[in-house]
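*Asks:* Structural data only, the sequence is not supplied:
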């Protein structure tokens, strides 16, 4: 992963904050040492106005101030930056805030900002790659589905069509005739069934050959197709035998 250049202003702010923190710690330590020395001197000399209860009160005051300073220090250094980080992370993940907004965090948690920013950038790059893969996969599935539907349609057409005359075959007749008969009964319409064959077709095959017989059957199929109405169905049942279903047609 390429290195992300750091924000020099943020680095300088963290350095200044760390120096101020060290200065405050040393100042508190110095004040505490002075207070302890003073209390020891008070307890040793026991001047009239420096009674033990005054030393205890001063010691309690120093303790309270030290505890308050520790609490304030913890709030400023840890709780506020952590709370700010918790509020920023969901907005950054949702895309509302930029990743660079984490550079405003101060305190020790600021040392984790570069790692968090790198992780968030890597997560966004991963999301973009996942979206690209999903789009590519969807496109592939769609193209495969179209190809499969075309293949299924071709196979269905081959299973129900006669290859020579392109009319429907016997299997298609078995599938189409019962529902067509029921529909005509329900609509109270007539249904005519026209059956026909080619006379002396065997003599034609014997005299001119099967190639000529196939050409003749193709011509018969073309003649039948050109004579059908939109709702009529024509079938080649085998050899030179043909059946035509004529719904809404009287004798």
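*Replies:* Received, thanks. This one's a predicted model, so the numbers in the text were calculated from it and none came from an experiment.
*Asks:* what's near enough to touch residue 99?
*Replies:* By Cβ atoms under 8 Å, 6 or more residues apart in numbering, residue 99 lies in contact with 92, 117, 120, 121, 124. (C-beta placed from N, C-alpha, C; glycine too.)
*Asks:* same deal with residue 140?
*Replies:* Going by Cβ under 8 Å, 6+ apart, residue 140 touches no other residue.
*Asks:* Per-residue pLDDT of it, please?
*Replies:* Residue 140 is assigned 91 on the pLDDT scale.
*Asks:* which residues in the chain form strands?
*Replies:* 191-197, 233-238, 241-247 (DSSP state E).
*Asks:* which among the contacts of residue 99 gets closest to residue 137?
*Replies:* Taking Cβ to Cβ as the measure, residue 137 lies nearest residue 124 of these, at 20.2 Å.
*Asks:* Just give me the closest of the contacts of residue 99 to residue 109.
*Replies:* Looking across the contacts of residue 99 and measuring by Cβ to Cβ, the closest to residue 109 is residue 117, at 12.8 Å.
*Asks:* What about the closest one, how many residues nearby?
*Replies:* Residues lying near residue 117 (other Cβ atoms under 10 Å) number 19.
*Asks:* Please indicate which of the contacts of residue 99 are buried?
*Replies:* When neighbours are counted using 16 or more other Cβ atoms under 10 Å, these contain these buried positions: 92, 117, 120.
*Asks:* Let me have the residues you listed in JSON lines, extended by pLDDT and distance to residue 83.
*Replies:* JSON lines is the format used below for these (pLDDT from 0 to 100; distance: Cβ to Cβ, whole Å):
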{"residue": "92", "pLDDT": "83", "distance to residue 83": "15"}
{"residue": "117", "pLDDT": "83", "distance to residue 83": "19"}
{"residue": "120", "pLDDT": "86", "distance to residue 83": "19"}
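*Asks:* ok, the residues you listed vs residue 79, which is closest?
*Replies:* Closest approach between those and residue 79, by Cβ to Cβ: residue 92, at 20.2 Å.
*Asks:* Identify the residues contacting that closest one.
*Replies:* 98, 99, 101, 102, 120.
*Asks:* Please apply the same query to residue 193.
*Replies:* So residue 193 contacts 243, 244, 245, 246 (Cβ under 8 Å, 6+ apart).
*Asks:* again, but for residue 204
*Replies:* Applying Cβ under 8 Å, 6+ apart to residue 204 gives the contacts 198, 212, 213, 216.
*Asks:* In this protein, mark out all the helices, start to finish.
*Replies:* Counting by DSSP state H, one finds helices in the chain at the ranges 8-45, 52-74, 80-93, 113-160, 170-187, 201-208, 210-227.
*Asks:* which one of the ones you listed has the lowest average pLDDT?
*Replies:* Taking the mean pLDDT of these, helix 8-45 comes last: a mean of 60.
*Asks:* Distance-wise, check residue 95 relative to residue 124.
*Replies:* Residue 95 sits 9 Å away from residue 124, going by Cβ to Cβ, to the nearest Å.
*Asks:* ok, now how distant is residue 114 from residue 120?
*Replies:* For residue 114 relative to residue 120 (Cβ to Cβ), the value is 11 Å.
*Asks:* With residue 100 instead?
*Replies:* As judged by Cβ to Cβ, residue 100 and residue 120 stand 10 Å apart.
*Asks:* Nearest spatial neighbour of residue 102, chain-adjacent residues omitted?
*Replies:* The shortest distance from residue 102 to any non-neighbouring residue, by Cβ to Cβ, 6 or more residues apart in numbering, is to residue 113 (4.9 Å).
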